[in-house]
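Visitor: Sequence and predicted structure, then a few things I'm wondering about:
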Amino acid sequence: MDIVSKQITIGAEGFSDIVNITEEIERFASDSNFSEGLIHIFPIGSTASISTIEFEPALVQDMKDKLEEFAPHDQTTRHGETWGDDNGFSHMRATMMGSGITVPLHEGEPVLGTWQQVVIINHDNRARERRIFLQVLGK
């Protein structure tokens, strides 16, 4: 087994903007030249999540609406009062969704369903350049 690592940067708007990064994951898998293994995808920072979704506009909006119901952006938080950055909601959303995911690599390709895309979600209250650490353990 060998390990290949890479960091990528993706621009994302704030307030749980969902960005499809499937092509970047597929390119990384291909560049690794591994046929079998595991790809770990991890956002660097405490206000972002990596997940999978059917990246379709109506479902993306439904997801954003549910995240707003779960942790409203205008709800006062102790974190916001402590630091004055008003982004406590973004930390809660990221924590509850989890940070990174691991995707199997089989026959040189990430194992994803037909309608399953890998996304990064920027929960912060502003646009950001999100750094994502990719690592494949494979052969």
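Guide: Looks like it came in fine. Numbering: from 1, shown residues only.
Visitor: Show me what whichever strand or helix holds L134 is packed against.
Guide: According to DSSP states H and E, L134 maps onto strand 128-138. When contacts are defined as 3 or more Cβ pairs under 8 Å, 6 or more residues apart in numbering; DSSP states H and E, strand 128-138 packs onto strand 2-12, helix 22-32, strand 36-44, strand 48-53, strand 117-122. Backbone N, C-alpha and C define where each C-beta goes, glycine included.
Visitor: ok, what's across the strand from the closest residue in space to S5 that isn't next to it in sequence?
Guide: The shortest distance from S5 to any non-neighbouring residue, by Cβ to Cβ, 6 or more residues apart in numbering, is to Q135 (4.6 Å). Residues in a beta bridge with Q135, per DSSP bridges, are S5, H40.
Visitor: Contact partners for Q135?
Guide: By Cβ atoms under 8 Å, 6 or more residues apart in numbering, the residues touching Q135 are I3, V4, S5, K6, I39, H40, F42.
Visitor: With H123 instead?
Guide: G14, F15, S16, T47, A48, S49, L67, F89, S90, H91, R93, A94.
Visitor: which residues touch the closest residue to I25 other than its chain neighbours?
Guide: Closest residue to I25 apart from its sequence neighbours, by Cβ to Cβ, 6+ apart: V118 at 5.1 Å. By Cβ under 8 Å, 6+ apart, the residues touching V118 are N20, I21, T22, I25, I41, I50, S51, T52, I101, V103, P110, L112.
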